[in-house]
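Asks: Following is a predicted model, sequence given first.
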Amino acid sequence: IQSNCMYWSREARVAKGITNTAINVLTVGSDAISKTSPLIKSRTLPDAHFKSLRLYRRICRYMPYIIYHNSFTTVTTPEQAKAHIGKHFRYNNKLRDASVIDHLVHDANDTMVKILYGDFGNQPHRILEWIAPGYEVNRNNRGINMLNDKKYADKSSYLKGFYEGEDHPDF
């Protein structure tokens, strides 16, 4: 029996008559694995919701490994990282299109595989912007309202946060 590890490309395996198209996941980069995972479409909105919930739980399960393996213990703790990931998930909680949710979940799954395999390169800020408070990139695409200073000048900070909807506690 010949080993599949000798023939890395699919074309080489087919040319040699090897029909098993399995790849060695220990020696192949995460791109080869994540590109082969198909986008599975959800039938309904609750299916997409539960798919994102399963992804969130899986990310939370891997969070201590990601923090300690990548030496991010000086920046954040696993509990803070889980709360920060939850903030990113809650940002998209108003989506009502199952295909958009599926694409976001698929991309997040690919990113998680790359992080677990260590394929983020020399750019740890790519991980830190998602898991560490204070490193996040401004993803607020609602625009900047220049009238907020005038509108909320005589209001309390609590009321301003209530009106803008940005003052949510992280649980």
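Replies: Perfect, thanks for sending it. Numbers count the residues shown, from 1 in each chain.
Asks: Contact partners for Asn92?
Replies: Ile101, Leu104 (Cβ atoms under 8 Å, 6 or more residues apart in numbering). The C-beta positions use only the backbone N, C-alpha and C, and glycine is treated the same way.
Asks: Report pLDDT for it.
Replies: With respect to pLDDT, Asn92 has a value of 85.
Asks: average pLDDT across stretch 123-133?
Replies: Stretch 123-133 comes out at a mean pLDDT of 77.
Asks: hey, C-alpha coordinates of that stretch in CSV?
Replies: Extracted in CSV, the C-alpha atoms of stretch 123-133 (Å, rounded to 0.1, in the frame of the first residue of the first chain):
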residue,chain,number,x,y,z
GLN,A,123,0.3,39.6,13.1
PRO,A,124,-1.0,38.9,16.6
HIS,A,125,-3.2,42.0,16.4
ARG,A,126,-5.4,40.0,14.0
ILE,A,127,-6.4,37.9,17.0
LEU,A,128,-6.1,40.6,19.7
GLU,A,129,-8.7,42.8,18.0
TRP,A,130,-11.3,40.1,18.5
ILE,A,131,-10.4,38.8,21.9
ALA,A,132,-8.7,41.7,23.9
PRO,A,133,-10.6,44.7,25.1
